[in-house]
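>>> Using only what follows, build the 3D model:
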Amino acid sequence: MTTIPGQNSRATAPETSRVGQAVGHGVALAICCLLSCWIITNILAAVRLMPRDDEVLGGMWVVIATIFVFRFSYEESARAALSRISVTLLSFVLCLLYLLIFPFRPLGMAVLIGIGSVVLSLMGRSEDIITAGISPQHAWKQPILRLLDTIVGVGGGVPGASTSWQPTSS
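Numbers count the residues shown, from 1 in each chain. Next up, the predicted model:
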C-alpha cells in the first residue's frame with residue numbers, strides 16, 4: 001500500500017467526524033425506536049382490547065413509522081412525517097369506509113390498495129403509495145391502531161432526529 005504525501009495510516013478528522021455522526025445517528029434512531037415501541041405496546045397493553053399478538057404488531061408498525069421519519073435534520077423529518085401522516089390518514093379513511101359497508105375480504109383489501117394508489121398518483125404523490133393491510137381478526141380496529149402507531153412513531157422520530165448528530169457539509 002502506498003501512502004500519499006501528507007497522509008498517514010490514521011483516519012483523518014473529517015472521516016472520524018463522519019463515523020461519529022453515523023454512530024450518533026444510529027444510536028439516536030435505536031433509542032427512538034425503542035421508546036416508540038415501549039410506548040405503543042404499553043398503551044395497547046393498558047387498554048386491553050387487543051390480544052398480545054396485536055400489541056406486538058403495533059410495536060412493529062410504530063418502529064417502522066419511527067424509522068420512516070427519522071432523518072438527519074428536523075426539516076427532513078417533518079416532511080417525512082407529513083407524508084407518513086397524510087398517507088396513513090388516507091388509508092384510515094378508505095379502510096373505515098370500506099369496513100362500515102363490507103366485512104373484510106381479500107378482494108376488498110386489494111381494491112382499497114388500488115384506490116389508494118390511484119388517489120396518491122393523481123395527487124402527484126406516487127412516492128407515498130403504501131399498502132394498507134387489514135387483518136381479518138379485529139378488522140375494524142386495524143385502521144385505528146395503524147393510525148395510532150403512526151402518530152406515536154412520528155412523535156418519536158421527528159423530535160429524535162432533531163437531537164441527533166447532524167452531518168456537516170463538506
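
>>> tell me the average confidence for the helix or strand hosting Leu97?
Leu97 belongs to helix 74-101 when assigned by DSSP states H and E. Average pLDDT, helix 74-101: 85.

>>> Can you tell me which helices and strands it packs against?
The elements that helix 74-101 packs onto, with contact taken as 3 or more Cβ pairs under 8 Å, 6 or more residues apart in numbering; DSSP states H and E, are helix 52-69, helix 106-122, helix 142-163. Where you see a C-beta, it was placed from the backbone N, CA and C, and this is true even at glycine.

>>> contacting residues for Thr66?
29, 32-33, 36, 153-154, 156-157, 160 (Cβ atoms under 8 Å, 6 or more residues apart in numbering).

>>> what's the distance between it and Ile151?
Per Cβ to Cβ, to the nearest Å, Thr66 is found 11 Å from Ile151.

>>> Can you find the helix or strand in this structure with the smallest mean pLDDT?
Least confident helix or strand, the chain: helix 142-163 with a mean of 78, by mean pLDDT, DSSP states H and E.

>>> Give the other helices and strands that that helix contacts.
The contact analysis (3+ Cβ pairs under 8 Å, 6+ apart) places helix 142-163 against helix 13-47, helix 52-69, helix 74-101.

>>> Same question for that helix: list its buried residues.
Residues of helix 142-163 classed as buried: 142-143, 145-158, 160-161 (neighbour count, 16 or more other Cβ atoms under 10 Å).

>>> Spatially, what comes nearest to Ile64 if we skip its sequence neighbours?
Leaving aside its chain neighbours, Ile64 sits nearest to Gly153 (7.0 Å; criterion: Cβ to Cβ, 6 or more residues apart in numbering).

>>> any idea which residue sits dead centre in this protein?
Ala65 (1.5 Å; Cα atoms, centre = their mean).

>>> For stretch 80-92, what is the distance to the chain centroid?
Taking Cα atoms, centre = their mean, to the nearest Å, one finds stretch 80-92 lying 10 Å from the centre of the chain it belongs to.

>>> Now do the buried residues in that stretch.
So for stretch 80-92, counting by 16+ other Cβ under 10 Å, buried means 80-81, 83-85, 87-88, 90-92.

>>> hang on, the earlier thing: didn't the residue nearest to Ile64 look like it was pressed against Ser77?
No: taking contacts as Cβ atoms under 8 Å, Gly153 lies outside contact range of Ser77: 11.4 Å.
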